[in-house]
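# would you be able to build a 3D model of this:
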Amino acid sequence: QDGRKPENPAFWWVSDGGEEVKWSFEELGSLSRKAANVLSEACGLQRGDRVMAVLPRVPEWWLLNVACMRAGIVFIPGTAQLTAKDLSYRLQAAKVKCIITSDTLAPALESALPGSQFLKSKLLVGRGSRDGWLNLKELL
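Take a look at the predicted model:
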């Protein structure tokens, strides 16, 4: 309309079902600042703390990755294929203070969490809720 080309998205994600999420650079900046605040304030994390994200490749995976960079938090990606023993070892060895997962993967991960002495907070990505877990969408 004003002669300028439309802005290229900073982030463009398409699910297997065809759902699309597009964020401009401005939106990604704003969302990542909010997510960094969630990690710092609601989850009580500080620069240098470690979080482990066991998530499928959903938009929040990238959002949290950028948020961790903003806040100086170490982002450790994990896979849903980790056994409870593997997960428990990684949580202890890396001194992970926050675990982030989806509402569908949380039940499988919970068996590995009781032995983790460093874990301070648990964050869910998705629409569901669980006792003892914070919900990212609600906090954003």
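
# who touches the most centrally placed residue in the chain in this structure?
Note on the chain: the residue nearest the mean C-alpha position is Leu64, at 4.4 Å, using CA atoms, centre = their mean. Neighbour list for Leu64: Ala35, Leu39, Val51, Ala53, Leu55, Phe75, Ile100, Val125, Leu136 [criterion: CB atoms under 8 Å, 6 or more residues apart in numbering]. C-beta: built from backbone N, CA, C; applies to glycine.

# just checking, the fifth one touches Thr101?
Put plainly, it is Leu55. Yes: contact criterion CB atoms under 8 Å: Leu55 and Thr101 qualify, at 6.1 Å.

# hmm, back to that, gap between the residue nearest to the centre of the chain and Arg70?
Distance of Leu64 to Arg70, given as CB to CB, to the nearest Å: 10 Å.

# how about the helices in the chain?
25-37, 59-71, 84-93, 106-109, 136-139 (DSSP state H).

# out of those helices, which is closest to Lys120?
Shortest separation from Lys120 across the helices of the chain is recorded for helix 84-93, at 11.6 Å, computed as CB to CB.

# could you dump the closest one to PDB, C-alpha only?
Output of helix 84-93 as PDB, limited to C-alpha atoms (Å, rounded to 0.1, in the frame of the first residue of the first chain):
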ATOM      1  CA  ALA A  84      13.900 -42.100  33.000                       C
ATOM      2  CA  LYS A  85      17.400 -43.200  34.000                       C
ATOM      3  CA  ASP A  86      18.900 -41.100  31.200                       C
ATOM      4  CA  LEU A  87      16.900 -38.100  32.100                       C
ATOM      5  CA  SER A  88      17.700 -38.400  35.800                       C
ATOM      6  CA  TYR A  89      21.400 -38.700  35.100                       C
ATOM      7  CA  ARG A  90      21.300 -35.600  32.800                       C
ATOM      8  CA  LEU A  91      19.300 -33.500  35.400                       C
ATOM      9  CA  GLN A  92      21.900 -34.300  38.100                       C
ATOM     10  CA  ALA A  93      25.100 -34.100  36.000                       C
END
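
# make 42 the first number, not 1, from now on.
OK, 42 is where the count begins now, so the last one is helix 125-134.

# alright, calling it a day.
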